[in-house]
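Colleague: fold the stuff below for me.
(2 chains)
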Number of protein chains: 2
Amino acid sequence: MSSRLCLHTITTKPWPIETAIDAYAAAGIGGISVWRDALDGRSIPDTGRRIREAGLTIVSYVRGGFFAALEAEGRAAAIDENKRVIDEAAALGAPLVVLVCGAAVGQSLEESRRQIRAGIEAVLPHARERGVKLAIEPLHPMYADTRSAIVTLGQANGLVEAVADDHLGVAVDVYHVWWDPALAAEIARCGDRILAFHVCDWRSPTRDLLNDRGLMGEGCIPIRQIRRLVEKAGFAGFIEVEIFSTEYWAMDQHVFLDRIVDAYKHHV
Amino acid sequence: MSSRLCLHTITTKPWPIETAIDAYAAAGIGGISVWRDALDGRSIPDTGRRIREAGLTIVSYVRGGFFAALEAEGRAAAIDENKRVIDEAAALGAPLVVLVCGAAVGQSLEESRRQIRAGIEAVLPHARERGVKLAIEPLHPMYADTRSAIVTLGQANGLVEAVADDHLGVAVDVYHVWWDPALAAEIARCGDRILAFHVCDWRSPTRDLLNDRGLMGEGCIPIRQIRRLVEKAGFAGFIEVEIFSTEYWAMDQHVFLDRIVDAYKHHV
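Modeller: All right, here's what the predicted structure looks like:
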């Protein structure tokens, strides 16, 4: 019943990845999306093997991007770093890298967007060579200052269509897109370019811009409706739970995991 | 030099409105936008008179709206309340009421949007009768849960065009719209329907969703560029500083006022 459920390691941040692997597998969860920091000090291929031996599918590697920078040097460094991220994804056995595209204070959003496109085009050949796809994740407009100049699914679609490479698609995260009046039309426009689907919820009130995401069902996002839209567009992959929450990270993570599985069953 | 500058009373919240009136006038500020709470316990006509006698122009009355509600009773109460707001604006001598349109958790954004339109249409005859215009202020998408289902200038324009009443227009606040890839096109689409223009800045990091707005120039919003766009569209009215800031409210408000005037001169 939860075989299409996937967890991001950051969702249970207090756990080392080895604990997460065992706990996810024991809970009948089908997939895992691995954050870079979860691999600190580990052999990447060994960790990938361990995940597969536990019966989990590696869904994505999180995260590349941050292509925008005021100086050419910073942009070149970002391209190098993204190539390393792609190498790590390949070594882990992850088919996908999620891109948080970046934005730089001190230049226009338009300039950041040009730099993002240039960065993506610069790393795509490397991604293809390693057999790894890239997903542009549009972020909520409240992150337009420093995290992502790509703030709507429409922009992500426009970029993917302009670059036109079969190794490039989008990641749809309900937290980032639920407010958008163009959402249904833009999801339909995605078609088979939806490479990832992330869920959590928007709490009212939201007490922190970064780390107060809610468990599915405790907020106002019409998650089921958005899920129907992405599935109607052709998406049949994992449903990834990505929750940043100071409150939940302070809980016993086994109890939290049970609540996630329960929320997935009742609200996704 | 600052005669087109207008302050919202909430910007200097610690001051009673009488202090604000004297201080704004002494600083050479041309306009004042009055929040409802600033009039608590006062005669509204007397306060209006006092403002005019100080040489200040009353730019807008803030705020009406919040039309969305799960129950019909709540929606009817909102319409009554908005008529009272319009009466107060007329009594004060304010030509404009700014609308924060509202949103209700527990129903879809589409339903909230329908209710908003119905609410606006229900109060417009009253606004016309009192000689008060209404401005729809699209809010930043991070307020879509409870404050406004209208989150883009495109939506506000669509609503204004659909209702088609010369007493209805939009308020453009740089804080709410700066991230929008459609911004330039939507400002041009507004034409002479821009009834108000609000400025402040977006701080990086923003530490609070509500009360951490920045002074112009200390954030990443291209304020001058947006000002040029609204003026190119035909707007020639006051430039209103609306800052909610726990940090600035804790300062000596005379010092803060000097900084506002300075920021207006150098960054707007």
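Colleague: residues near residue A:205, how many?
Modeller: Residue A:205 is flanked by 10 other residues according to other Cβ atoms under 10 Å in any protein chain shown. Quick note: C-beta positions are derived from backbone N, CA and C, even for glycine.
Colleague: for residue A:83, that is, sorry about that
Modeller: 18.
Colleague: just checking, residue A:136 touches residue A:160?
Modeller: Yes. Using Cβ atoms under 8 Å, residue A:136 makes contact with residue A:160 at a distance of 6.4 Å.
Colleague: so for these two, which residue has more residues nearby?
Modeller: Counted by other Cβ under 10 Å, residue A:136 and residue A:160 do not tie: residue A:136 has more neighbours, with 26 against 21.
Colleague: skipping adjacent residues, who's closest to that one in space?
Modeller: In space, and not counting its chain neighbours, residue A:136 is closest to residue A:156: 4.5 Å by Cβ to Cβ, 6 or more residues apart in numbering or on different chains.
Colleague: and the one you found, what element?
Modeller: For residue A:156, the element it lies in under DSSP states H and E is helix A:153-163.
Colleague: so what touches that helix?
Modeller: Residues from elsewhere that reach helix A:153-163 (Cβ atoms under 8 Å, 6 or more residues apart in numbering or on different chains): A:113, A:116-117, A:120-121, A:124, A:136-138, A:150, A:168-170, A:172, A:177, A:180, A:182-183, A:186-187, A:189-190, A:193, B:181.
Colleague: if we can go back for a sec, show me the common contact partners of residue A:136 and residue A:160, please.
Modeller: A:168, A:169, A:170.
Colleague: how close does the second one sit to residue A:175?
Modeller: Which is residue A:169. 19 Å (Cβ to Cβ, to the nearest Å).
Colleague: and what of the first one?
Modeller: According to Cβ to Cβ, residue A:168 stands 22 Å off from residue A:175.
Colleague: which of the two has more neighbours?
Modeller: In terms of neighbours (other Cβ under 10 Å), residue A:168 is the more surrounded of residue A:168 and residue A:175; the figures are 24 against 21.
Colleague: residue contacts, that one?
Modeller: Contacts for residue A:168 were tallied using Cβ under 8 Å, 6+ apart; they are A:120, A:124, A:133, A:134, A:135, A:136, A:160, A:193.
Colleague: how about the residues of the stretch 101-250 of chain A by chain B?
Modeller: A:105-106, A:108-109, A:140-142, A:144-146, A:151-152, A:154-155, A:178-181, A:202, A:204-207, A:209, A:219-220, A:222, A:225 (Cβ under 8 Å from any Cβ of the partner chain).
Colleague: could you rerun that using 7 Å?
Modeller: Applying Cβ under 7 Å from any Cβ of the partner chain, we find that the stretch 101-250 of chain A lies next to chain B at A:105, A:108, A:140-142, A:144-146, A:151-152, A:155, A:179, A:181, A:202, A:204, A:206, A:209, A:220, A:222.
Colleague: pull out the buried residues from the residues you listed.
Modeller: A:140-142, A:144-146, A:151-152, A:155, A:179, A:181, A:202, A:206, A:209, A:220, A:222 (16 or more other Cβ atoms under 10 Å in any protein chain shown).
Colleague: next, the residue in the stretch 151-268 of chain A positioned nearest to chain B: secondary structure please.
Modeller: Chain B sits closest to residue A:179 of the stretch 151-268 of chain A, with a gap of 3.9 Å, by Cβ to the nearest Cβ. Following DSSP: H, G, I helix; E, B strand; the rest coil, we place residue A:179 in the coil state.
Colleague: residues contacting it?
Modeller: B:141, B:144, B:151 (Cβ atoms under 7 Å, 6 or more residues apart in numbering or on different chains).
Colleague: any idea how far chain A is from the first one?
Modeller: The one in question is residue B:141. The spacing between residue B:141 and chain A, counted by Cβ to the nearest Cβ, to the nearest Å, is 4 Å.
Colleague: counting by contacts, list what the helix or strand harbouring residue A:51 packs against.
Modeller: Per DSSP H and E, residue A:51 falls inside helix A:44-53. When contacts are defined as 3 or more Cβ pairs under 7 Å, 6 or more residues apart in numbering or on different chains; DSSP states H and E, helix A:44-53 packs onto helix A:17-26, helix A:72-92.
Colleague: which residues does the last one contact?
Modeller: Contacts to helix A:72-92, defined as Cβ under 7 Å, 6+ apart, come from residues A:34, A:36, A:44-45, A:47-48, A:58, A:61, A:64, A:66-67, A:69, A:97, A:115, A:119, A:122-123, A:126-127, A:130-132.
Colleague: now, which of the contacts of residue A:179 lie within helices?
Modeller: In helices, judged by DSSP state H, none of these are found.
Colleague: pipe those residues into a markdown table and attach distance to residue A:268 per row.
Modeller: Shown next, in a markdown table, are those (distance: Cβ to Cβ, whole Å):
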| residue | distance to residue A:268 |
| --- | --- |
| B:141 | 22 |
| B:144 | 20 |
| B:151 | 24 |
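Colleague: all strands for chain A, in order.
Modeller: A:5-8, A:31-35, A:57-65, A:96-100, A:133-136, A:168-173, A:194-199, A:239-241 (DSSP state E).
Colleague: quick one: contacts of the third one?
Modeller: Contacts made with strand A:57-65 from outside it, assessed by Cβ under 7 Å, 6+ apart, are listed as A:6, A:8, A:30-35, A:48, A:51, A:82, A:85, A:88-89, A:92-94, A:96-102, A:196, A:238, A:240.
Colleague: what is the nearest of the contacts of residue A:168 to chain B?
Modeller: residue A:136 (14.0 Å).
Colleague: tell me the bridge partners for the closest one.
Modeller: Beta-bridge pairing for residue A:136 (DSSP bridges): residue A:99, residue A:170.
Colleague: read off the pLDDT value for the most centrally placed residue in chain A.
Modeller: The C-alpha lying nearest the average C-alpha coordinate of chain A belongs to residue A:98 (Cα atoms, centre = their mean; 5.0 Å). Per-residue pLDDT puts residue A:98 at 98.
Colleague: just checking, it touches residue A:196?
Modeller: Yes. Applying Cβ atoms under 7 Å as the test, residue A:98 and residue A:196 come out as touching, 6.3 Å apart.
Colleague: quick check: neighbours shared by those two?
Modeller: Common contacts of residue A:98 and residue A:196 (Cβ under 7 Å, 6+ apart): A:60, A:135, A:171.
Colleague: neighbours around the last one, how many?
Modeller: Meaning residue A:171. 27.
Colleague: what does the first one give?
Modeller: Using other Cβ under 10 Å as the criterion, residue A:60 is surrounded by 30 other residues.
Colleague: equivalent analysis for residue A:5, please.
Modeller: Using other Cβ under 10 Å, residue A:5 is surrounded by 22 other residues.
Colleague: and for residue A:54?
Modeller: 16.
Colleague: which residue comes closest to it once chain neighbours are left out?
Modeller: Nearest one to residue A:54, counting by Cβ to Cβ, 6+ apart, is residue A:25 at 4.2 Å.
Colleague: please apply the same query to residue A:242.
Modeller: Closest residue to residue A:242 apart from its sequence neighbours, by Cβ to Cβ, 6+ apart: residue A:8 at 4.2 Å.
Colleague: state the pLDDT value of the one you found.
Modeller: Residue A:8 carries a pLDDT value of 98.
Colleague: show me what it is bridged to.
Modeller: Judged by DSSP bridges, the bridge partners of residue A:8 are residue A:33.
Colleague: pull out the buried positions in stretch A:4-15.
Modeller: In terms of neighbour count (16+ other Cβ under 10 Å), stretch A:4-15 has its buried residues at A:4, A:5, A:6, A:7, A:8, A:9, A:10, A:11, A:12, A:13, A:15.
Colleague: what's the answer for stretch A:189-208, then?
Modeller: The neighbour-count check on stretch A:189-208 (16+ other Cβ under 10 Å) flags A:189-190, A:193-203, A:206, A:208 as buried.
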